[in-house]
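Student: when you get a sec, could you give me coordinates for this:
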Amino acid sequence: MRNHSPDLARAATIADVARVADVSVRTVSRVLNKSPKVGETTRATIERAIADLGFRPSMRARGLAARRSFLLGVVQGDQNDHVIGRLQHGIVEICSEAGYELLVHPVSVADPRLSDNLEDFVRRTHVDGLVLLSPVSELPEVPHLLGRLGVPAVGLASVRIPGYPAMLVGGERIAATTVADHLIALGHRRIAMITGPLRFHSATEREQGFRTALDRAGIALPRGYVVEGDYGFDSGLVAAEHLLALPNRPTAIFASNDIMAAAVLKVARERGIDVPGALSVTGFDDVDLASMLSPSLTTIRRPLRDIAREAARRVIALAEGEASRLPDLDVPLALVERQSTAPPPA
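Tutor: Got it, this is the predicted structure:
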């Protein structure tokens, strides 16, 4: 019997796989690149040879054969690790299944050379596609730059941004009305809000949705009851100190993300204000922290892992030429009621 095993002192090569499977190297390459041009019987034979030999394809060689890098990039400008971490994990799951590696590229939306930065990243890494997270995805010049560079891109944002071949759009305005409706149904009338940075679409969508619901119910939102934060914990502390020091302080506060809501809970505890007995607090995102807090946080759930996985699937479909454009996907968001909200004190 002929011994097909490669020398144990070296790693198996694509040529070894081709010899054991009795096919050409080109046919093995097609299987590695998931080409539909290989019959099921031949594909099974090659996959068995790969498993028997313990063959691990070189990403560089695979990329050269397919004229692709098998690298995807995710561009982020958000400093919220609770959100970013879950999104990255979801993208990595799909990348691993599809044989791609993920490169994470953090940027600052305040950088005047952001476009140059992105162009340099694309040219240096030869990524096959990009997932753009908000707030970077919201910059109107970004999709046009990537279109000029010929890089498939999927944008994640709270509104539709022209120029992306595919987008996932969160229903954040509608979700914020749901938060307001929940507090109103509990009986609250003195309701305050800590917004995100209003230069971002996500912050304005949440603010406008919340205001709409209050207006519909005939509830005023005094100027002093609205404080702009930056989605960070420290800004939540400053906002909460202001709101909870007011002579006629609110009985409910909507913080535009869970991190700022956590800051409100901290200030309330330090001031001896019972939550939810004397103050109801709501957040937005439903990051892992929301259920760990005491009291646990009523918030809007954004299905971050599912969003990330779908974004990765779409950018891979674009990169592999399955489509040049894909329909935008509207992502519904839902209220999760926990311990931090209750009727106002009598």
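Student: make sure Leu102 is indeed in a helix.
Tutor: No: assessed with DSSP: H, G, I helix; E, B strand; the rest coil, Leu102 is strand; it does not lie in a helix.
Student: what's the neighbour count on the residue nearest to it when sequence neighbours are not counted?
Tutor: Spatial nearest neighbour of Leu102, excluding adjacent residues (Cβ to Cβ, 6 or more residues apart in numbering): Cys95 at 4.8 Å. Using the backbone N, CA and C atoms, a C-beta is placed for each residue, glycine as well. One way to gauge burial is a neighbour count; for Cys95, by other Cβ atoms under 10 Å, it gives 19.
Student: with the one 5 residues further on instead?
Tutor: Each residue near Tyr100 was counted by other Cβ under 10 Å, and the total is 24.
Student: may I ask which helix or strand encompasses His82?
Tutor: Secondary structure assignment for His82, by DSSP states H and E: helix 81-98.
Student: before we move on, back to that, how close does the residue nearest to Leu102 sit to His126?
Tutor: As judged by Cβ to Cβ, to the nearest Å, Cys95 and His126 stand 16 Å apart.
Student: same thing with Val28?
Tutor: Applying Cβ to Cβ, the value for Val28 to His126 is 23 Å.
Student: and those two? which has more neighbours close in?
Tutor: When Val28 is set against His126 and neighbours are counted by other Cβ under 10 Å, the residue ahead is Val28, at 28 against 12.
Student: isn't the more buried one right next to Asp22, touching?
Tutor: No: no contact is recorded between Val28 and Asp22 when judged using Cβ atoms under 8 Å, the distance being 10.9 Å.
Student: so what's the gap between the helix or strand encompassing Ala18 and the chain middle?
Tutor: When secondary structure is defined by DSSP H and E, Ala18 falls within helix 14-21. With Cα atoms, centre = their mean, to the nearest Å as the basis, helix 14-21 stands 41 Å off its chain's centre.
Student: and for stretch 85-96?
Tutor: With Cα atoms, centre = their mean as the basis, the mean position of stretch 85-96 lies at 9 Å from the chain mean.
Student: contacts for that stretch, please.
Tutor: Contacts made with stretch 85-96 from outside it, assessed by Cβ atoms under 8 Å, 6 or more residues apart in numbering, are listed as 72, 74, 76, 101-102, 104, 131, 133, 156, 287-288, 304-309, 311-313, 316.
Student: now do the residue nearest to Leu102 against Val20, distance only.
Tutor: When distance is defined by Cβ to Cβ, Cys95 is 29 Å away from Val20.
Student: please apply the same query to Pro247.
Tutor: When distances are taken as Cβ to Cβ, Pro247 and Val20 turn out to be 82 Å apart.
Student: I'd like the next helix or strand past the helix or strand of the chain with the lowest mean pLDDT.
Tutor: For the chain, using mean pLDDT, DSSP states H and E, the weakest element among its helices and strands is helix 59-66, scoring a mean of 51. In the C-terminal direction, the helix or strand that comes right after helix 59-66 (DSSP H and E) is strand 71-76.
Student: so what strands line up beside that following strand?
Tutor: Strand 71-76 has its sheet partners listed here by DSSP bridges as strand 101-106 (parallel), strand 129-132 (parallel).
Student: how close does Ile337 get to Ala290?
Tutor: Just to correct that, residue 337 is Glu rather than Ile. 12 Å.
Student: tell me which of those two has more neighbours.
Tutor: Taking neighbours as other Cβ under 10 Å, Glu337 and Ala290 compare with Ala290 leading, 25 against 12.
Student: tell me the contacts of Tyr164?
Tutor: For Tyr164, counting by Cβ under 8 Å, 6+ apart, the contacting residues are 132, 137, 143, 153-155.
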